[in-house]
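Enquirer: A predicted structure for the sequence below; I have some questions about it.
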Amino acid sequence: MPVRTPNILMLLPAICVEVSCARPPERPSFAVRDSAGIQIVENVGPSWTETSAWSVAAEPQYVIGGATDDPAYQLWNVTGMARLSDGRTVILNAGTRQLRFYDERGRHVRDRAGEGDGPGELRAARRLVRTLGDSLLVLDRWTIHVFDSEGEFLDKKAIPYNFSRDPSQSFAGPMDILSNGNVLAFVNAPTSGTPTPGVLYRPRLGVAMYLSDIDSLVNLTWTGGAEQEYLEVGRFPHNYIPPHARDASFVGGGVVPIAVLADNASYEFHVYSGAGDLIRIVRREWLARPAQPEWFDIWKEEQRNAEWTRGQLPDLERAWAAMTLPTTLPAYNRPTVATDGSVWMLESTAPGETDVTYAVFAADGRMMGLVALPPGLEKNSIRPPYIDAEFFIGVWIDEVGREEVRAYRILKGS
């Protein structure tokens, strides 16, 4: 009797039941593990879906500044912004040393502070922070000023220049202020002589938090400063910073305060509590973008047209001709901490590129996704945007250099 060979196609469903013909499970977008009490968050992709993704409105809800003859709307060197619980916007207009108040539609209400050394007067205002009760803290060089929600002066506290004779305890400079009044700082590390000429290096910087309530400096860790090169060209040997140099940022934010140390040599940042405890390390899978030769030409042309290069161009041109260039873009530009503790990381761009894209990380370190903004956002580290649950507020620069504060509504998916 002949043996009948079963039809293999008829057996496939049974085989699939045993070994599963289903697609392999998707790789999780993030993973969390614990290391000595510190969370390590590894991100391999965004958590947002097509329907849950966030964006910003195509047009700003309101604009303050720009082309105007009204002094109340003429902005000059905006170094901080905050949005109060009643919807008013406060702008730290460092050019006039003022706090400027605008209503929920961007209409001017009042000015407070001003230039001077008296109570409530400012000299070199660097940061503005709103506290949970709508008080305002201004970091003004080596002084913390406290104002109420109407801009009336309440108090001030001086920050010590040095804490001991140990060079590692000497401030390189206050970088940011938290809503609890603590100050973030880089501190100088002892130098080890002249750098080796012709080699890119990063000076060592201490990372510290000044605890204002007990007048104490806590050293947190060490990091590298801006990537640079010591060149013996021109009239004086000097350190020169190349385009797309690696650097570290130390910024604060959140109504419940946190601090973020971000070194863009890799896609990783460290999150500290408002008291200086390391609580989380966040990483993102990242593929380095190779630098292109034409980027250097674009960058040099931008520098030639910049105000700071006037009178220095002959020496700078010689330095640029001898400069060693980084081979890739940094992992990112710099972070901003939103009021809810989420971290918005400004993505790196090459010289000449105008894209403004943020990678958004939730307060627990998960990467949520990317948010694109209209071109023209000022990316200088002195001008961080203000981000809360409803608005992205930043400084835009028009074609002739006028500053505008624009408030874009954040659109959240379902």
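Expert: Yes, it's here. Numbering: from 1, shown residues only.

Enquirer: residue contacts, the closest residue to residue 87 other than its chain neighbours?
Expert: In space, and not counting its chain neighbours, residue 87 is closest to residue 104: 3.5 Å by CB to CB, 6 or more residues apart in numbering. No exception for glycine: its C-beta is placed from N, CA and C like everyone else's. By CB atoms under 8 Å, 6 or more residues apart in numbering, the contact list for residue 104 reads 62, 86-89.

Enquirer: just checking, next helix/strand downstream of the helix-or-strand element of the chain with minimal mean pLDDT?
Expert: When the helices and strands of the chain are scored by mean pLDDT, DSSP states H and E, helix 8-19 comes last with a mean of 40. Next along the chain after helix 8-19, taking DSSP states H and E as the criterion, comes strand 30-35.

Enquirer: quick one: residues in contact with that following strand.
Expert: Contacts of strand 30-35 (CB under 8 Å, 6+ apart): 39-45, 47, 364-367.

Enquirer: just to revisit the earlier point, ok, and the most crowded of the contacts of residue 104?
Expert: residue 89 (23 neighbours; other CB atoms under 10 Å).

Enquirer: now that one, nearest residue through space, not along the chain?
Expert: residue 102 is the one closest to residue 89 (CB to CB, 6+ apart), at 4.7 Å.

Enquirer: if we go by neighbour counts, what in the helix or strand encompassing residue 221 is buried?
Expert: When elements are assigned from DSSP H and E, residue 221 belongs to strand 216-224. Using 16 or more other CB atoms under 10 Å as the test for burial, strand 216-224 gives 217, 220, 223.

Enquirer: tell me the secondary structure at the nearest residue to residue 153 once chain neighbours are set aside.
Expert: The shortest distance from residue 153 to any non-neighbouring residue, by CB to CB, 6+ apart, is to residue 120 (3.0 Å). What DSSP: H, G, I helix; E, B strand; the rest coil gives for residue 120 is coil.

Enquirer: just the CA coordinates for the host helix or strand of residue 335, please, in PDB.
Expert: Using DSSP H and E, residue 335 maps to strand 334-337. This file holds the C-alpha atoms of strand 334-337, laid out as PDB (Å, rounded to 0.1, in the frame of the first residue of the first chain):
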ATOM      1  CA  ARG A 334      22.300  71.300  25.900                       C
ATOM      2  CA  PRO A 335      19.400  70.400  28.200                       C
ATOM      3  CA  THR A 336      16.500  72.500  29.600                       C
ATOM      4  CA  VAL A 337      14.500  71.200  32.700                       C
END
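
Enquirer: I would like the residues contacting the helix or strand just after that strand, please.
Expert: For strand 334-337, the following helix or strand on the C-terminal side (DSSP H and E) is strand 343-346. By CB under 8 Å, 6+ apart, the surrounding residues in contact with strand 343-346 are 260, 262, 269, 271, 282, 332-338, 356-361, 371, 379, 385, 387.

Enquirer: list the buried residues in stretch 100-107.
Expert: Neighbour-count burial for stretch 100-107 [16+ other CB under 10 Å]: 100-102, 106.

Enquirer: which single one of those residues is nearest to residue 196?
Expert: Residue 196 lies nearest to residue 100 out of the buried residues of stretch 100-107, by CB to CB, at 48.0 Å.

Enquirer: ramachandran angles for the closest one?
Expert: Main-chain torsions, residue 100, degrees, to the nearest 10: phi -110, psi 130.

Enquirer: what's across from the nearest residue to it once chain neighbours are set aside in the sheet?
Expert: Spatial nearest neighbour of residue 100, chain neighbours left out: residue 91 (4.5 Å); criterion: CB to CB, 6+ apart. Counting by DSSP bridges, residue 91 forms beta bridges with residue 81, residue 100.

Enquirer: right, and residue 80 touches residue 130 too?
Expert: No. Proximity of residue 80 to residue 130 does not meet the contact threshold set by CB atoms under 8 Å, at 9.7 Å.

Enquirer: I figured residue 240 hits residue 319, correct?
Expert: Yes. Counting by CB under 8 Å, residue 240 does reach residue 319; the two are 4.9 Å apart.

Enquirer: give the residues shared as contacts by these two.
Expert: Contacts common to residue 240 and residue 319, judged by CB under 8 Å, 6+ apart, are residue 231.

Enquirer: now do the phi/psi pair for residue 322.
Expert: phi -100, psi 0.

Enquirer: who are the contact partners of it?
Expert: 198, 231, 233.

Enquirer: out of these, grab the one that's most surrounded.
Expert: Of these, with other CB under 10 Å as the count, residue 231 tops at 21 neighbours.

Enquirer: and that one, how far from residue 193?
Expert: 16 Å (CB to CB, to the nearest Å).

Enquirer: name whatever forms a beta bridge with residue 185.
Expert: The partner residues for residue 185, given DSSP bridges, come to residue 174, residue 208.

Enquirer: what's it in contact with, if anything?
Expert: Applying CB under 8 Å, 6+ apart, the residues near residue 185 are 171-175, 207-210, 217, 250.

Enquirer: what do you get if the cut-off is 6 Å, keeping everything else the same?
Expert: If you count contacts by CB atoms under 6 Å, 6 or more residues apart in numbering, residue 185 has them with 171, 174-175, 208, 210.

Enquirer: would you tell me which one of these comes nearest to residue 113?
Expert: Using CB to CB, the contacts of residue 185 come closest to residue 113 at residue 174, 18.2 Å.

Enquirer: surely the closest one is in contact with residue 186?
Expert: No. Between residue 174 and residue 186 there is no contact under CB atoms under 6 Å: 8.9 Å.

Enquirer: average pLDDT across the strand holding residue 335?
Expert: Averaged across strand 334-337, pLDDT comes to 96.

Enquirer: which other residues reach it?
Expert: With CB under 6 Å, 6+ apart as the criterion, strand 334-337 contacts 249, 251, 253-254, 260, 262, 343-346, 381, 384-385.
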